[in-house]
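> sequence-free structure coming up:
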């Protein structure tokens, strides 16, 4: 591919790229902090009978032969 048609980045292009990178990094930090504060220690117990009742699927005993 020829680089003859490629135009060099202008100052405004570099500034835009820096602003976008900064915005993405700030969002990642905020999401990480929110996850650390509210989600990290949350645990959900799963009961197979409750799940099967919710989806209408009969439960089978684990390890039972067919």
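Alright, I've got the coordinates. The structure presented is a predicted model; accordingly, all values stated were derived computationally and were not measured.
> any buried residues in the longest helix along the chain, and which?
Assignment by DSSP state H gives helix 11-34 as the longest helix of the chain. Neighbour-count burial for helix 11-34 flags no residue at all (criterion: 16 or more other C-beta atoms under 10 Å). (Each C-beta comes from the backbone N, C-alpha and C, glycine too.)
> so which residues lie in contact with that helix, not counting its own?
residue 9 (C-beta atoms under 8 Å, 6 or more residues apart in numbering).
> which helix or strand lies directly C-terminal to that helix?
Scanning forward in sequence from helix 11-34 by DSSP states H and E, the next helix or strand is helix 48-55.
> pick out the residue nearest the middle of the protein.
The centre of the chain sits closest to residue 31, judged by C-alpha atoms, centre = their mean, with a distance of 9.7 Å.
> from residue 44, how far out is it?
20 Å (C-beta to C-beta, to the nearest Å).
> output the below-cut-off pLDDT ranges for this protein.
1-5, 58-66 (pLDDT under 70).
> kindly recompute the last result at 90.
1-9, 40-66 (pLDDT under 90).
> burial of residue 43, as a residue count?
Using other C-beta atoms under 10 Å, residue 43 is surrounded by 4 other residues.
> if you could redo that for residue 52, that was the one I meant.
13.
> all set, thanks.
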